[in-house]
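> Attaching a predicted model along with its sequence, questions to come.
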Amino acid sequence: MSISRRQFILGASGAAAGLILPSFYDKALSYFENHGEPLIVLPRESDVELVVYDFGSFQLHLGDPNIEPPAMTYREYGIRYWGSVEDYMEGCFDPEDIDLDALVEPWKVEEAWYRSDGTSAQAYHLLEPYDLGPEFSGTESVGSLEFIDGPCPGSDYLGVEAADLMSISLLQKRLNDLNTGIRISMGW
């Protein structure tokens, strides 16, 4: 269970991680005030699309958030989430009681699937390694992202949430500065 916050810093020099020039910030703020949506300056080349959905918070997804975990046999589950059937069998309490071709209980698949294959988890895994900005707040910080790994005990949620629509503009700007080829769109 952890939450880490990455923030964008308003400053005059673009050398620091997550630094946003005041001219871009003013442009994004003006766009938001006039249109009620984030300014999203698309990258020149893009092969990955992150979609933002407003579920009470602005959650980032790599695909449709309504996709459900598939039904899996124990064999498929072992290969997908343990690396091999042998490793899965070795980690089981009673491996002799398992029919590898039987279906795994849906709740068990969900626990693993939402943390690795769910669209919010995929967004987390995609963005987490990037140097998007520092993990502190100060008077120069504008906008933020939260990287959430189980917000409460027993939760399998893994995802990234933007603090507000301005944070989405700033994230796209930072992704462009890093030449990631990631574009953001609004799924509302």
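The structure has been received and is ready for your questions. Numbers count the residues shown, from 1 in each chain.
> is it true that residue 99 lies in a strand?
No: under DSSP: H, G, I helix; E, B strand; the rest coil, residue 99 sits outside any strand and is assigned coil.
> Would you map out the domains in the protein?
Domain ranges of the chain: 2-17+38-66+118-186, 74-104, per automatic domain parsing.
> Any stretches of the chain with poor pLDDT?
1, 12-18, 93, 95, 136-139, 151, 153-154 (pLDDT under 70).
> Please enumerate the strands of it.
In the chain, the segments counted as strands under DSSP state E are 2-10, 19-20, 48-54, 58-61, 141-149, 158-162, 182-186.
> Can you redo those strands as JSON lines, where the extra columns are distance to residue 168 and mean neighbour count?
C-betas here are computed from N, CA, C, even on glycine. Shown next, in JSON lines, are those (distance: least, Cβ to Cβ, whole Å; neighbours: other Cβ atoms under 10 Å):
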{"stretch": "strand 2-10", "distance to residue 168": "11", "mean neighbour count": "17"}
{"stretch": "strand 19-20", "distance to residue 168": "13", "mean neighbour count": "22"}
{"stretch": "strand 48-54", "distance to residue 168": "6", "mean neighbour count": "18"}
{"stretch": "strand 58-61", "distance to residue 168": "6", "mean neighbour count": "22"}
{"stretch": "strand 141-149", "distance to residue 168": "8", "mean neighbour count": "21"}
{"stretch": "strand 158-162", "distance to residue 168": "5", "mean neighbour count": "23"}
{"stretch": "strand 182-186", "distance to residue 168": "6", "mean neighbour count": "18"}
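> So which of the domains of the chain is the most surrounded?
Comparing the domains of the chain by mean neighbour count (mean count of other Cβ atoms under 10 Å), domain 2-17+38-66+118-186 ranks first with a mean of 17.
> how long is that domain end to end?
26 Å (Cα to Cα, to the nearest Å).
> do the same with stretch 169-188
End-to-end distance for stretch 169-188: 15 Å, by Cα to Cα.
> Spit out the contact partners of the nearest residue to residue 24 once chain neighbours are set aside.
Nearest non-adjacent residue to residue 24, counting by Cβ to Cβ, 6 or more residues apart in numbering: residue 173, 5.9 Å away. Taking Cβ atoms under 8 Å, 6 or more residues apart in numbering, we find residue 173 in contact with 20, 24, 28, 41.
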